[in-house]
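K.L.:
model this:
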Amino acid sequence: MQDKDEIRLSIPASAEFLRLARLIASGLASRLNFTYEAIEDLRLAVDELCYSLISSQEDISNTTLDLSYLVKDESIEIKGILNSNNAKIQQSQFSKQILSALVNSHEFKQSLDGKPSFWMAKSMPKAPN
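P.N.:
Below you'll find the model as predicted:
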């Protein structure tokens, strides 16, 4: 895999389609030789981040969640944007703690045009000495 490969996915903003987001994340992490535990952490983080966006809106009809996976030499960065101007990001303290344990860094933000989004990064675990 080359440095900085990018994969894009657009799915309906519904929990039933989050499986696709997790599947791509785990497949890419597997190609980078992430450990089983690191892959599972990434899958859980993707699920938590995506669900935080889609659960922030009342009406999900005709709304998409656009994801971008950026693969680097030893890490994966994922961006997600909910195509809705009426959604507000709602992240609980528990969710923040979970994500802090699962990924190296993450953030939620509201874009200038009002669309909620997230960014996260997960690096390949260091081999024990």
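
K.L.:
quick one: Ala21 and Ser10 touch, right?
P.N.:
No: if you go by Cβ atoms under 8 Å, Ala21 and Ser10 don't touch, sitting 10.5 Å apart. Backbone N, C-alpha and C define where each C-beta goes, glycine included.

K.L.:
Looking at the two, which has the bigger crowd around it?
P.N.:
Neighbour count, other Cβ atoms under 10 Å: between Ala21 and Ser10, Ala21 has more, with 22 against 13.

K.L.:
contacting residues for that one?
P.N.:
Applying Cβ atoms under 8 Å, 6 or more residues apart in numbering, we find Ala21 in contact with 9, 11, 46-47, 50, 65, 67, 80.

K.L.:
Please check the residues you listed and keep the buried ones.
P.N.:
9, 11, 46-47, 50, 65, 67, 80 (16 or more other Cβ atoms under 10 Å).

K.L.:
farthest pair in those?
P.N.:
Longest distance between any two of those is 14.2 Å, between Leu9 and Asp47; criterion Cβ to Cβ.

K.L.:
Mind picking the one among the contacts of Ala21 that's closest to Val103?
P.N.:
Nearest to Val103, judged by Cβ to Cβ, of these is Val46 at 9.2 Å.

K.L.:
For stretch 84-96, buried residues please.
P.N.:
Residues 84, 87, 91 are the ones in stretch 84-96 that count as buried (16+ other Cβ under 10 Å).
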